[in-house]
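[1] for reference, the sequence and a predicted model appear below.
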Number of protein chains: 2
Amino acid sequence: MFLKSWLPIESDSHFSLRNIPFGIISTSSSPTPRPAVAVGDQALDLSVFAAHNGFSALSIIQPHQSVFSQPTLNAFAALGRPIHQVVRGYLQSVFSVDTPFPHVLKDNPELQEEALIPLRLVTNHLPMQIGDYTDFYAGLNHAYNVGVLFRGPANALQPNYKHLPVGYHGRASSVCVSGTPIRRPNGQILADPTADPKVPVFSECKKLDIELELGAFVCKANKLGEPVPIGEAADSLFGLVLMNDWSARDIQAWEYVPLGPFNSKNFGTTISAWVVLADALEPFMSKGLDSDTELLPYLKEKREKNMPDVKLEVDLITESGATTTISRTSSRNLLFSFPQMLAHHSITGCPMNVGDLLGSGTISGVEQSARGSLLEQNENGKVSIKLEGGEERKFLEDGDTVRIRGVCGEEGDGLVCFGECVGKIEKAVGLKF
Amino acid sequence: MFLKSWLPIESDSHFSLRNIPFGIISTSSSPTPRPAVAVGDQALDLSVFAAHNGFSALSIIQPHQSVFSQPTLNAFAALGRPIHQVVRGYLQSVFSVDTPFPHVLKDNPELQEEALIPLRLVTNHLPMQIGDYTDFYAGLNHAYNVGVLFRGPANALQPNYKHLPVGYHGRASSVCVSGTPIRRPNGQILADPTADPKVPVFSECKKLDIELELGAFVCKANKLGEPVPIGEAADSLFGLVLMNDWSARDIQAWEYVPLGPFNSKNFGTTISAWVVLADALEPFMSKGLDSDTELLPYLKEKREKNMPDVKLEVDLITESGATTTISRTSSRNLLFSFPQMLAHHSITGCPMNVGDLLGSGTISGVEQSARGSLLEQNENGKVSIKLEGGEERKFLEDGDTVRIRGVCGEEGDGLVCFGECVGKIEKAVGLKF
């Protein structure tokens, strides 16, 4: 179904009428962060829209209109998926060429003038206040590739890998919105990893990497001691964003035993600004990777199509502007779905809260050109990646920009996309002691 | 210096006038959580005290009095250590037998009646809204003991251990206040860890353990990309609490490769209710463990006495009431101080926020009776711990209560203590599939 709008929307727009992603915006003339949706190349300011009776036809939302004047989407998300569905459907109908509510916006140039803002004039903010952030490791090809590099093909995957979605608690405070500069971290690294005894030096990170991921936001809380059953987990998911879990491989290699990655992962995790609602992804649900392992019942989903098929691309843009697409893959390269991650995470009774973020883990296909981290592409520093314009890279250099894009559907049918997830590397802080 | 109060305070009280710890309380007649301090066996309700001009003599606090009607201590903590010092000093003077402000409380029976509440009538709440929780591993004896159990004495400590405070990001949402029941978690465990291939079963945790720790709250934020220098780190710490980082050893053993502990640690972390301010601990600052390793400059503290000397005790109380002190040790058994943990954590530019919690890692002495986890005491399940009343334990059973206490100073001089950190084990949720 292609929804046609009275608002001009290009056929290659990330934000067709099938999408209606939610975000938090501000503008230079109105600097208070507030909710909006993206449609074509416009943002609809929901605080203005609500204040001017834009939702007056939607009685179910009347008691909750204050959610549209909050600085995050948490309050809206907490209303639950049935309400998200109704609000998104209503906004689609408002923008539809044959809208039953023409007086609301289509034939209301004053409100259009006030509530529609070109996206190029908008500043995006983190869409949610993130309580806890958890990063999973469900990209089987990535886990295998990295395992081969460090342990060889026979022991590439740990024995637990296919039985449970391996994950670890990440650093919520360092999650930032697309466009935020990422400062190269300092830390302890081994100048010579083969030396004995191992003595670290203080250095800027020299192996700065990316991790191509999807992130999912939680929209329903459970109490301490009360697991979320797998059958209810999908209803606890608000929507998805693109994610780049920047990683300092040299800091990671030295620090990570025995408790896992820490400082190598807490200097920045970039997410795209617009949350694509779970309902918008329904038409694109597909299957993830097949598993040869029988899962325990608490992880078994009734639904076979549990994974949205998002076509993903990673561009590396050098300071000179030369742009190279260094990876093309799909979110179908995941072994576990977000509902499975949520069911596993909470099986102990761990409380999940509205605004919690779950990362998928790095998404890699099987081919070299489909790998979602530089570590895999350069085979742990052995191979250089050729860039447009003649430069080469093993890891990221200062001034490099990484841009992730994600697309569902085909041009002409109305795309459901994620906008961009962008970060530019700044040089490390010069520290004196 | 022993401060004498007009309020009766027993000589063995945890909350002498030297202490003045801050917490969040409610009562059955006034269920809104609000700040208080503990003095003797009373809580002084700071919201009532402030509303009745209790702080009118303290002009510096006048513009900030709203911090005393918040449901957490975050706003008070954010005022910074110089203000904490002034407020604590003022409250000491108000309670002092020769108070210069007798009209405020000493000679004001109406306000005493309204603002002083016996601690036994008080419900405690989490003192801070915790953004991120990080657990370190700075208890060298614990790390060594566990390393011996799993890797033998030659490789007990990883090469990085003495160079940096090893840590991992924990689960903030599962931190709970003393007294909250802890439900035994379910999860994946290996029924037979020696079987090949390894196939997990779904089970309740059968190796439920404790970890005796101290926790420190952050009171000063830094921005993404801007490390906290070691010389400024102590000023970023609000105060300390006792902590029990409950651990599911069988879930941990199966899940933890390669990214560290996850579900084995996210079903509950108990902290004591009263935050002992950094200033209250100043007289008890001491040295931690000596290190034979030269630290990198970003971790070098000018101050030699960087660790409070807290005498710690762990009691195990069975359902029958039989109480056994299973561990006695001291916080001096840490290799890194909280300022060092904070400097390391932020050296990458990781943003710390007011209310973030840092755990010390399990604190163990060298003797068997000074070990801070059951895993160490039972030598990974080989040895039983004898309890009062004839029972034995390897790990915790349903109905067991664990109580941690922490004491600074000597009875008669006025103690600075932490109250209790208590949790009782409830049986696992029965799950049907």
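    Sure, I can see it. Numbering: from 1, shown residues only, chains lettered A, B, ... in the order given.
[2] how close does the nearest residue to A:Gly40 once chain neighbours are set aside get to chain B?
    Counting by C-beta to C-beta, 6 or more residues apart in numbering or on different chains, the nearest residue to A:Gly40 once its immediate chain neighbours are dropped is A:Ile9, at 3.7 Å. In short, each C-beta sits where N, CA and C put it, glycine included. Using C-beta to the nearest C-beta, to the nearest Å, A:Ile9 is found at 35 Å from chain B.
[3] so who does the residue of chain A found nearest chain B touch?
    The nearest approach of chain A to chain B comes at A:Gly260, 2.4 Å away (C-beta to the nearest C-beta). Contact analysis of A:Gly260 by C-beta atoms under 8 Å, 6 or more residues apart in numbering or on different chains lists A:168, B:168, B:256, B:258-261.
[4] ok, so of these, who is nearest A:Cys421?
    Closest approach between the contacts of A:Gly260 and A:Cys421, by C-beta to C-beta: A:Tyr168, at 21.0 Å.
[5] check whether A:Phe433 really touches B:Leu295, as I assumed.
    No - look at A:Phe433 against B:Leu295 with C-beta atoms under 8 Å: they stay out of range, at 11.1 Å.
[6] can you pull up the bridge partners for A:His169?
    A:Thr134 (DSSP bridges).
[7] A:Thr269 now?
    With DSSP bridges as the rule, A:Thr269 is bridged to A:Val175.
[8] distance check, it against A:Glu213.
    Relative to A:Glu213, A:Thr269 is positioned 9 Å away (C-beta to C-beta, to the nearest Å).
[9] so what sits against both of these two?
    In contact with both A:Thr269 and A:Glu213: A:243-245, A:359, using C-beta under 8 Å, 6+ apart.
[10] top of these by neighbour count?
    Counting neighbours by other C-beta atoms under 10 Å in any protein chain shown, A:Met243 comes out on top of those with 30 neighbours.
[11] what's the nearest residue to A:Gln377 once chain neighbours are set aside in contact with, if anything?
    Spatial nearest neighbour of A:Gln377, excluding adjacent residues (C-beta to C-beta, 6+ apart): A:Arg371 at 5.0 Å. A:Arg371 sits next to A:141-142, A:145, A:327, A:329, A:364-365, A:377 when contact means C-beta under 8 Å, 6+ apart.
[12] just to revisit the earlier point, so the residue nearest to A:Gly40 makes contact with A:Leu17?
    Yes - applying C-beta under 8 Å as the test, A:Ile9 and A:Leu17 come out as touching, 6.7 Å apart.
[13] got any residues that touch both of these two?
    Shared contacts of A:Ile9 and A:Leu17, counting by C-beta under 8 Å, 6+ apart, come down to A:Val39.
[14] sorry, back to before: confirm the residue nearest to A:Gly40 sits in a helix?
    No - judged by DSSP: H, G, I helix; E, B strand; the rest coil, A:Ile9 forms no part of a helix; its state is coil.
[15] got a pLDDT number for it?
    With respect to pLDDT, A:Ile9 scores 95.
[16] list the contacts of it.
    Counting by C-beta under 8 Å, 6+ apart, A:Ile9 has contacts A:15-17, A:39-41.
[17] domains in chain A, by residue range?
    Under the assignment automatic domain parsing, the domains of chain A span A:22-125, A:133-426.
[18] quick revisit: and the contacts of A:Gly260, which are buried?
    A:168, B:168, B:256, B:258-261 (16 or more other C-beta atoms under 10 Å in any protein chain shown).
[19] who in the stretch 51-200 of chain A is up against chain B?
    Counting by C-beta under 8 Å from any C-beta of the partner chain, the stretch 51-200 of chain A comes close to chain B at A:131-132, A:137, A:158-160, A:163-164, A:166-174, A:176, A:180-181, A:183, A:185-188, A:197-200.
[20] just the ones of the residues you listed in helices?
    Judged by DSSP state H, those include no members of helices.
[21] returning to what we had before: okay, the closest residue to the residue of chain A closest to chain B other than its chain neighbours: pLDDT?
    Nearest non-adjacent residue to A:Gly260, counting by C-beta to C-beta, 6+ apart: B:Gly260, 2.4 Å away. pLDDT, B:Gly260: 95.
[22] where do the helices sit along chain A?
    So, for chain A - with DSSP H - the helices run A:46-51, A:74-78, A:81-95, A:109-115, A:140-151, A:230-233, A:249-255, A:278-281, A:338-346, A:374-377.
[23] which elements pack onto the first one?
    Translated: helix A:46-51. For helix A:46-51, the elements it packs on are strand A:34-39, helix A:109-115, judged by 3 or more C-beta pairs under 8 Å, 6 or more residues apart in numbering or on different chains; DSSP states H and E.
[24] thanks a lot, see you next time.
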